[in-house]
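Undergrad: I would like the atomic coordinates for the input below:
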Amino acid sequence: MKAKTFDCVKMMHRGAQRIRKQTAGMSKEQELAFWRERSANFKRRQKTVARQAQSKRNRQSGPERGAQR
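TA: Next up is the predicted model:
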């Protein structure tokens, strides 16, 4: 059997622990603001990555993309 080099459950637990430390002592309103900000940042990053991927696909396909054959 192959030795594990990556443990997903352990990674998830570490992430959850980090978030618990960041939100410890926050009121419900503060915690909601925290998650709204995190969500907005994530959505911005997703859009940036999507634009970069589209740009890369466009460069790789060359000028003949969309041309009639």
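
Undergrad: any weak-confidence spans in this protein?
TA: 62-69 (pLDDT under 70).

Undergrad: at 80 instead, please
TA: 1, 62-69 (pLDDT under 80).

Undergrad: centroid residue for it?
TA: The C-alpha lying nearest the average C-alpha coordinate of the chain belongs to Phe42 (CA atoms, centre = their mean; 5.7 Å).

Undergrad: secondary structure element holding that one?
TA: Per DSSP states H and E: Phe42 is located in helix 28-61.

Undergrad: can you tell me which helices and strands that helix packs against?
TA: Packing partners of helix 28-61 (3 or more CB pairs under 8 Å, 6 or more residues apart in numbering; DSSP states H and E): helix 8-23. For every residue, glycine as well, the C-beta is placed using N, CA and C.

Undergrad: need the residues that contact the helix it packs on.
TA: Residues from elsewhere that reach helix 8-23 (CB atoms under 8 Å, 6 or more residues apart in numbering): Gln30, Glu31, Phe34.

Undergrad: list only buried entries from the residues you listed.
TA: Buried members of the contacts of helix 8-23, counted by 16 or more other CB atoms under 10 Å: none.

Undergrad: could you dump these into TSV with distance to Lys4 added?
TA: Formatted as TSV, those follow (distance: CB to CB, whole Å):
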residue	distance to Lys4
Gln30	38
Glu31	34
Phe34	33
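
Undergrad: need phi/psi at Asp7.
TA: phi -120, psi 100 (degrees, to the nearest 10).

Undergrad: cool, and Ser27?
TA: Dihedral pair for Ser27: phi -70, psi 170, per degrees, to the nearest 10.

Undergrad: switch to numbering from 613
TA: In the new numbering, first residue 613, that becomes Ser639.
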